[in-house]
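Novice: what's the 3D shape of this:
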Amino acid sequence: MPTRYSKRPSRKDQDDETEEEDFGIAWINRLNEAIDDLQTNRTSVREESLASIVSLLTKHYAAEPLEQRNEELLSLLRRSLSKSGSAKESTLAAQAIALSFVNHGDVDLGSQDELYQQILPALKTTAKNAADVHVKCNCLHTLALTTLIAGSDIDTQLAREFVFDLIETEGLDFNAEELSPQQLDQLICMGLRAYGILFIGMFYEGVVDTDVLWEEVEKVMPMHELLLESGDKDVRTATGENIAVIFEILRVASSSEDDDEEYSEELKYDNMDELVRTLRELSVESSRRQSKSSRAEQKSVFRDIVKSVEDGVSPTEELKIGGRVIPFRGWAKILLLNAFRYTMGQGLHNHLRSNDLLRRIFRYPASYIRPADAELDDSDVSSRMISKLDRQFIYDESKKLRSKQLRDARSRKKH
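Specialist: Below is the predicted model of the structure:
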């Protein structure tokens, strides 16, 4: 099963907020007060306000309360992000920016693009220039998530190039000289996860130009193969998961229901045998340099990766929401789920129930989120709500069933 991101640093202020219950419109008043307090000159007050905003936007779907304040909020968050005197303030601001985009609701595309372009330079600049690794990582993650939500294809391509430059050069232009080796590994790991989000955002759904897809694969795979040899388990895992999602998307993009061949001839990776050998080694590695739990986690993840890359078998994660189990099938959905989970924590379930953005991204109908004793009308499940991978899964399962039926029928004839 794909790994979840490492937990964020503990924030007592944020934890205290989540212990309180919110009733009626009280949380809306608190949200507006927190936004107002971002204008104060005292750093400690802004930090408390940011912790409150993060908590409230995680726990509640705030599209309506924020409708008239989106631009104002983002301007204040951009100012806090750029404050170099407090790493805590910048880290919280980056998370709050991601949450504000998650809570945009029905903002028209033009307005959302303006908000995205307003915040983009600050995220890139802070990711490059900040001295604190947590600030850098949060900026990279927020850059990837906001681009997934609001970026155009060109924006996604540019963001992908920005993140891959970090990975390829080991942070050469990202003020990484003063980072410890462990902190640099942490930064590269988040860069890999951000790259995965952006790759999914560009190639997972919609019309995919296979030439552009294949050009990107040939560009990034050598670096990914190299990073499989990293001494850091999280870097190896993030690399492996990216490789899995790359080949999952390649498989879906290059296969069709009318073709029994899973891959078209021109889309076969040249170094496939060596890649699979390395992935297999990581799925059985027993190095004493790692703890027993770390070895077990790596083996589990890389067994799933090998199954996907070699056999085309994608993993599934299930969440129970509103009394109904929703499957998240395939690496693309699971890695995006982990990305939202990293930003929202336990609030993810609240947004999966109420936030149309997540329903659009993960392609499940609103009718799925209902009390446990209510019946689901399958006619509500439009084919447009089914992802390419899910359609491929249904087709593959139908082929298996039909093959079994044919074998059974032939066996009966012989007897």
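Novice: the residue nearest to Thr239 when sequence neighbours are not counted: how many residues sit nearby?
Specialist: Spatial nearest neighbour of Thr239, excluding adjacent residues (CB to CB, 6 or more residues apart in numbering): Leu227 at 4.3 Å. Just so you know, the C-beta spots here come from the backbone N, C-alpha and C atoms, and that holds for glycine as well. For Leu227, the number of neighbouring residues by other CB atoms under 10 Å comes to 21.
Novice: tell me how far Leu227 lies from Ala159.
Specialist: Leu227 sits 20 Å away from Ala159 when distances are taken as CB to CB, to the nearest Å.
Novice: got it, and Arg280?
Specialist: Taking CB to CB as the measure, Arg280 and Ala159 are separated by 33 Å.
Novice: compare neighbour counts for these two and give me the winner.
Specialist: Neighbours were tallied for Arg280 and for Ala159 using other CB under 10 Å; the higher tally belongs to Ala159 (26 against 16).
Novice: my guess is the more buried one contacts Leu198. True?
Specialist: Yes - counting by CB atoms under 8 Å, Ala159 touches Leu198, with 5.5 Å between them.
Novice: what sits in contact with each of these two?
Specialist: The contact sets of Ala159 and Leu198 overlap at Ala144, Thr147 (CB atoms under 8 Å, 6 or more residues apart in numbering).
Novice: the residue nearest to Thr239 is in contact with Gly240, isn't it?
Specialist: No - counting by CB under 8 Å, Leu227 stays clear of Gly240, with 9.2 Å between them.
Novice: between the two, which contacts overlap?
Specialist: Common contact partners of Leu227 and Gly240 (CB under 8 Å, 6+ apart): none.
Novice: burial of Thr126, as a residue count?
Specialist: Counted by other CB under 10 Å, the residues lying close to Thr126 total 25.
Novice: that one touches Ser82, doesn't it?
Specialist: Yes - checked against CB under 8 Å, the pair Thr126 and Ser82 is within contact range at 6.4 Å.
Novice: return every residue with contacts to both of those two.
Specialist: Ser90.
Novice: still on that earlier bit, who's in contact with the residue nearest to Thr239?
Specialist: The neighbourhood of Leu227, defined by CB under 8 Å, 6+ apart, consists of Ile167, Ile188, Leu192, Val235, Arg236, Thr239.
Novice: could you do Thr58 as well?
Specialist: Thr18, Leu99, Thr343, Met344, Gly345, Gln346, Gly347, Asn350.
Novice: of all those residues, which two lie farthest apart?
Specialist: Of all pairs drawn from these, the greatest distance, 14.4 Å, lies between Thr18 and Thr343 (CB to CB).
Novice: more neighbours, the two?
Specialist: Shown here are Thr18 and Thr343; by other CB under 10 Å, Thr343 has more neighbours (26 against 16).
Novice: quick one: the more buried one from Phe101, how far?
Specialist: Relative to Phe101, Thr343 is positioned 10 Å away (criterion: CB to CB).
Novice: go on, Leu358?
Specialist: Distance of Leu358 to Phe101, given as CB to CB: 12 Å.
Novice: of the two, who's got more company?
Specialist: When neighbours are counted by other CB under 10 Å, Leu358 and Phe101 differ, and Phe101 comes out ahead with 23 against 20.
Novice: for the more buried one, what are its contacts?
Specialist: Contacts of Phe101 were listed using CB under 8 Å, 6+ apart, and they are Gln112, Leu115, Tyr116, Leu145, Thr146, Ile149, Ala150.
Novice: in a markdown table: those residues, plus pLDDT, secondary structure and neighbour count.
Specialist: Converted to a markdown table, the contacts of Phe101 look like this (pLDDT from 0 to 100; DSSP: H, G, I helix; E, B strand; the rest coil; neighbours: other CB atoms under 10 Å):
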| residue | pLDDT | secondary structure | neighbour count |
| --- | --- | --- | --- |
| Gln112 | 93 | helix | 18 |
| Leu115 | 96 | helix | 22 |
| Tyr116 | 97 | helix | 20 |
| Leu145 | 98 | helix | 25 |
| Thr146 | 98 | helix | 24 |
| Ile149 | 96 | helix | 17 |
| Ala150 | 96 | helix | 21 |
